[in-house]
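Engineer: Sequence plus predicted model, see below.
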Amino acid sequence: MSRLLYIQQELKAPKGQYNQFGKYKYRNCEDILQALKAPLKETGCHVTLSDKIVMVGDRIYVEATASLYHNEKCLESTTAYAREPIAKKGMDESQITGAASSYARKNALNGLFATDDTKDADSNDNSQQQTLISKEQLSELSTYCMDVSPEGQELNDLGKRVTAAYKIESLDKLPANVFNNVINRLKNENNQ
């Protein structure tokens, strides 16, 4: 089993934060990094996070990259973006950039380690069903894979990796909240 797959299977990053305004639980970058410590130690790996500022049109984005290393060799990396709002009440400009950086880093980590919202069997709140990808998203995923590999081998390989990582029986059972991470990761792999 690859180190990345092992870490993806072992990583349990509960949503330890609570948004009073929106009344929802969430995890931040620090929660994921804390949860990664044990699996990283077991595999002898380490993670690096880096940011760079990019302009897209007239907007500023933070481009965050999360990379997994073993023996100074990069095994895998994922990039995610977060747009800086023009203004955010109660924040100065450096705080706005920092918030965008944290959000982009969290999404890069989510993409790299296939962080999901699986609940333990003992969880008390099983009332909310997780939204699955739409038919359009499934079609987009299939179309992209076929564009990359017309023989369909890429789709089969991706399907096997994704279904194993998310412990689902088929791609149509993929949680909607991780669709963008899966597509971005596939695109990153094919651009290397």
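Structural biologist: Sure thing, it's come through.

Engineer: counting contacts, what elements does the longest helix anywhere in the chain pack onto?
Structural biologist: Counting residues, the longest helix found in the chain (DSSP state H) is helix 93-113. Counting contacts by 3 or more CB pairs under 8 Å, 6 or more residues apart in numbering; DSSP states H and E, helix 93-113 packs against helix 3-10, helix 29-43, strand 45-56, strand 59-70, strand 73-83, helix 179-191. In this view, the C-beta of every residue, glycine as well, is placed from N, C-alpha and C.

Engineer: Looking at these, spot the one closest to Glu140.
Structural biologist: Among these, helix 179-191 comes nearest to Glu140, with 7.2 Å by CB to CB.

Engineer: nearest spatial neighbour of Lys173, skipping sequence neighbours?
Structural biologist: Leu132 (6.0 Å; CB to CB, 6 or more residues apart in numbering).

Engineer: where's the residue nearest to Asn28 when sequence neighbours are not counted relative to Lys73, distance?
Structural biologist: Of all residues not flanking Asn28 in the chain, Gln17 sits nearest, at 5.6 Å (CB to CB, 6+ apart). To Lys73, Gln17 is 33 Å away according to CB to CB, to the nearest Å.

Engineer: Tell me which of the two has more neighbours.
Structural biologist: Gln17 (12 against 7; other CB atoms under 10 Å).

Engineer: any low-confidence regions in the protein?
Structural biologist: Within the chain, the segments meeting pLDDT under 70 span 1, 87-90, 117-130, 141-159, 161, 164-166, 185-192.

Engineer: rewinding a little: now the helices and strands packed on helix 93-113 as TSV including distance to Ser139?
Structural biologist: Below are the helices and strands packed on helix 93-113 laid out as TSV (distance: least, CB to CB, whole Å):
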stretch	distance to Ser139
helix 3-10	25
helix 29-43	30
strand 45-56	26
strand 59-70	27
strand 73-83	23
helix 179-191	12
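
Engineer: Tell me which of the ones you listed sits nearest to Ser170.
Structural biologist: Checking the helices and strands packed on helix 93-113 against Ser170 by CB to CB gives helix 179-191 as the closest, at 13.7 Å.

Engineer: mind giving me the domain ranges of this structure?
Structural biologist: Listed by automatic domain parsing, the domain ranges of the chain are 3-113, 135-191.

Engineer: Touching stretch 31-43 from outside, list them.
Structural biologist: Contacts to stretch 31-43, defined as CB atoms under 8 Å, 6 or more residues apart in numbering, come from residues 3, 6-7, 10-17, 46-47, 70, 106, 109-110, 113, 115.
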